[in-house]
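Visitor: Predicted model and sequence below, questions to follow.
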Amino acid sequence: MYGTDLNPLYEEIISGLINENFAVFDGFFDENMLEALTSRLEYHLEEERLRTAGIGNKELVSIDKQIRSDKILWLKDHPEHPVEKEFMDGVAAFSEYMNRTCFAGIQGGEFHYACYEEGAFYKRHIDRFMNDNSRKYSIITYLNKDWQPEDGGELVLYLEDRTLLLRPEFGKTILFKSDLIEHEVLPAKRRRLSITGWLK
Ligand SMILES: O=C(O)CCC(=O)C(=O)O
Ligand SMILES: [Fe+2]
């Protein structure tokens, strides 16, 4: 029946968002798709398409290497590949579910690939701009095979009652409320790849 099926993974994510403003999970995207996204990102890197990321929104971008030192490529800034369309479709299906079951009011999103080269980091911040509060949820999926504890690059979530360190392991996805969760990326000790987006 249209509109009434429950999706167990989505339900788990939504419980996390309701109870703790974040959720960490595997299996949002299947293995083939994760492999294809990784190859695509590696190809973009070889073609030198990623650029030093800025801080602030389009009008107010300043590049401050003291705060972040990753490189990014916005998905909208290059011709879409079928796996990128599949990625967007997956995120759109979740957004529709959130809208239908939680009245989340998500109207779209923006997405980029990110690469933290050895030594790169992103200091403690929240994912909202001073002059634009449209970002509702942040979503990050990691594309790093065999990430080891000594590889660093953890995402730190600064929660009210504790601090959580998350390793950027292949296929792991984090979703959190963009306006509430302060977070940081610790220096990576090897190249750290991800695809990141904001539901708006
Ligand atoms: O890659 C991560 O773990 C987080 C990235 C991040 O905080 C951002 O791009 O705003
Ligand atoms: Fe962030």
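Guide: It's in. Ligands and ions are numbered 1, 2, ... in the order given.
Visitor: Can you report how many residues neighbour residue 65?
Guide: 10 (other C-beta atoms under 10 Å). (Each C-beta comes from the backbone N, C-alpha and C, glycine too.)
Visitor: my read is it is in a helix, agree?
Guide: No: judged by DSSP: H, G, I helix; E, B strand; the rest coil, residue 65 forms no part of a helix; its state is coil.
Visitor: Once you drop chain neighbours, what's closest to it?
Guide: Among residues not flanking residue 65 along the chain, residue 52 sits closest, at 7.6 Å (C-beta to C-beta, 6 or more residues apart in numbering).
Visitor: That neighbour and residue 94: what is the separation?
Guide: Residue 52 is 30 Å from residue 94, where distance means C-beta to C-beta, to the nearest Å.
Visitor: and if you look at residue 123?
Guide: 29 Å.
Visitor: Where does residue 24 sit, in terms of helix or strand?
Guide: strand 22-25 (DSSP states H and E).
Visitor: which helices and strands sit right next to the helix or strand just after that strand?
Guide: As assigned by DSSP H and E, the chain's next helix or strand after strand 22-25 is helix 31-46. For helix 31-46, the elements it packs on are helix 82-102, strand 109-116, strand 192-199, judged by 3 or more C-beta pairs under 8 Å, 6 or more residues apart in numbering; DSSP states H and E.
Visitor: who wins for proximity to residue 36 among those?
Guide: Closest of those to residue 36 is helix 82-102, at 4.0 Å (criterion: C-beta to C-beta).
Visitor: which bits of this protein sit near ligand 1?
Guide: Applying C-beta under 6 Å from any ligand atom, one finds that the chain approaches ligand 1 through 114, 122, 127, 140, 155, 183, 185, 194, 196.
Visitor: list the contacts for the last one?
Guide: Contact partners of residue 196, counting by C-beta atoms under 8 Å, 6 or more residues apart in numbering, are 72, 111, 112, 113, 114, 138, 139, 140, 141.
Visitor: partners of the residue of the chain found nearest ligand 1 in the sheet?
Guide: Per C-beta to the nearest ligand atom, residue 155 is where the chain lies closest to ligand 1, at 3.6 Å. Note on residue 155: beta-bridge partners residue 166, residue 185, judged by DSSP bridges.
Visitor: if we can go back for a sec, partner strands of the strand holding residue 24 and their direction?
Guide: Sheet pairing of strand 22-25 (DSSP bridges) gives strand 173-177 (antiparallel).
Visitor: List the buried residues in the strand it pairs with.
Guide: Buried residues in strand 173-177, counted by 16 or more other C-beta atoms under 10 Å: 173, 174, 175, 176, 177.
Visitor: Nearest to residue 148 among these?
Guide: residue 174 (19.0 Å).
Visitor: Now do the same for residue 164: helix, strand or coil?
Guide: From three-state DSSP, the assignment for residue 164 is strand.
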